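Undergrad: whatever this is, show me its structure:
(one chain, ligands or ions: 2)
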Amino acid sequence: MQLHFIGTGSIFTNRMSASALIDDKILIDTPNGSVKAMRRSGIDPGIVDVCLITHFHADHFFDIIFLLMEQGLTRKRDGELVLAGPTGLAGRIEQLFELSYPGVWATVKPNVSPRFVEFGEKGGQWSGHGYRVRALPVQHTTPIALGYAITDGAGVTLGYTGDTVMCPSVETLAGAGKALVIDTSFRTSKAGHMGLDDVEALADRHSALTLVPTHLGDDVTGSDRANIVFPADGQTFTVDDRGARPAERSAATG
Ligand SMILES: [Zn+2]
Ligand SMILES: [Zn+2]
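TA: Ligands and ions are numbered 1, 2, ... in the order given. This is a model prediction of the structure:
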């Protein structure tokens, strides 16, 4: 499994806001600036077949408008675009278009053939395009916030927490595979986010797990734990049954 970080930062940093692309197919979150960042990395936003939204905060969601316009304003998708996220996703997208580009959704919608998958406060599951996706409820400052466990056809599972404090679903995600992308906004937990101390405690409890911190604040710069690997914006990792490690991004992208 290939894990490409489009962004790795929290709001008030120079890093792009946190989002990731799996196997040039599954996009997790569409934060401010993420679609431009994809283009800058040489990635055509049209390749995304599945978009998973963790929650509706702007630094995770607002570029959904640009992803949809990329895919459906001047071109037409071949097949459906799966849009998965918290309950209310379809309505939120309609509202965003109404606020920003009134009338445009009516043009874009038939061209992207959206298939909405909405998860409530208990989470849920979805399978398609060769992947199994499990949505788990995490604890943040929105009514519904989701973490995801994504399993490919070879059985490799990647966890992604989204914004959260330490909670049972984070433990579940830590046990689901050998790699977990994890909210590490602060040195210690605050404002609905994990602290590096939480992440290091998790790393100590799960020694065979690679933890990849994201949504990084400026004061979170490193860790002495061998199984915590910090990513950079635009960096690609390889994920397999041994964990996650930086990889050279293949030239096949596009
Ligand atoms: Zn948030
Ligand atoms: Zn956030």
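
Undergrad: how far does stretch 97-106 stretch from one end to the other?
TA: Distance across stretch 97-106, first residue to last, is 9 Å (CA to CA, to the nearest Å).

Undergrad: what residues does it touch?
TA: Here stretch 97-106 makes contact (CB atoms under 8 Å, 6 or more residues apart in numbering) with 65, 68, 69, 73, 93, 94, 108. Using the backbone N, CA and C atoms, a C-beta is placed for each residue, glycine as well.

Undergrad: so which of those also contact ligand 2?
TA: With the criterion set as CB under 5 Å from the ion, no member of the contacts of stretch 97-106 is near ligand 2.

Undergrad: let's see if you can find the most crowded of those residues.
TA: Within those, residue 68 tops the neighbour count with 27 neighbours, counted by other CB atoms under 10 Å.

Undergrad: quick one, what contacts that one?
TA: 81, 93, 105, 108, 112, 114.

Undergrad: quick check, nearest of the residues you listed to ligand 2?
TA: Nearest to ligand 2 among these: residue 93, at 18.5 Å, using CB to the ion.

Undergrad: keep only those of the contacts of residue 68 that are in strands.
TA: 81, 114 (DSSP state E).

Undergrad: how about TSV for the contacts of residue 68, with distance to ligand 1 added?
TA: Below are these laid out as TSV (distance: CB to the ion, whole Å):
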residue	distance to ligand 1
81	23
93	18
105	24
108	26
112	25
114	23
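
Undergrad: determine which two of the contacts of residue 68 are furthest apart.
TA: Farthest-apart pair in the contacts of residue 68 is 81 and 105; separation 13.2 Å (CB to CB).

Undergrad: now residue 185. Nearest residue, chain neighbours left out?
TA: Computed as CB to CB, 6 or more residues apart in numbering, the closest residue to residue 185 that is not its neighbour in sequence is residue 193, at 3.7 Å.

Undergrad: now do the one you found, the pLDDT please.
TA: Listed pLDDT for residue 193 reads 98.

Undergrad: what's the answer for the one 5 residues further on, then?
TA: You'll see residue 198 listed with a pLDDT of 98.

Undergrad: tally of neighbours for it?
TA: Residues contacting residue 198 under the criterion other CB under 10 Å number 20.

Undergrad: what's the answer for residue 76, then?
TA: Using other CB under 10 Å, residue 76 has 12 neighbouring residues.

Undergrad: return the residues in contact with it.
TA: Going by CB under 8 Å, 6+ apart, residue 76 touches residue 111.

Undergrad: one more: residue 3?
TA: So residue 3 contacts 20, 21, 22, 158, 179, 181, 212, 236, 237, 238, 239, 244 (CB under 8 Å, 6+ apart).

Undergrad: ok, the residue nearest to residue 248 when sequence neighbours are not counted to residue 42 distance?
TA: The spatially closest residue to residue 248, leaving aside those adjacent along the chain, is residue 236, at 7.4 Å (CB to CB, 6+ apart). As judged by CB to CB, to the nearest Å, residue 236 and residue 42 stand 12 Å apart.

Undergrad: can you tell me the SS state at the residue of the stretch 101-250 of the chain found nearest ligand 2?
TA: Taking CB to the ion, ligand 2 has its nearest neighbour within the stretch 101-250 of the chain at residue 163, 4.4 Å off. Following DSSP: H, G, I helix; E, B strand; the rest coil, we place residue 163 in the coil state.

Undergrad: do the same with residue 188
TA: Taken by three-state DSSP, the conformation at residue 188 corresponds to coil.

Undergrad: wait, it sits on residue 194?
TA: No. Using CB atoms under 8 Å as the test, residue 188 is too far from residue 194 to be in contact (9.2 Å).

Undergrad: these two - which one has more neighbours?
TA: Neighbour count, other CB under 10 Å: between residue 188 and residue 194, residue 194 has more, with 27 against 10.

Undergrad: now do the contacts for that one.
TA: 161, 164, 165, 166, 170, 182, 183, 184, 185, 186.
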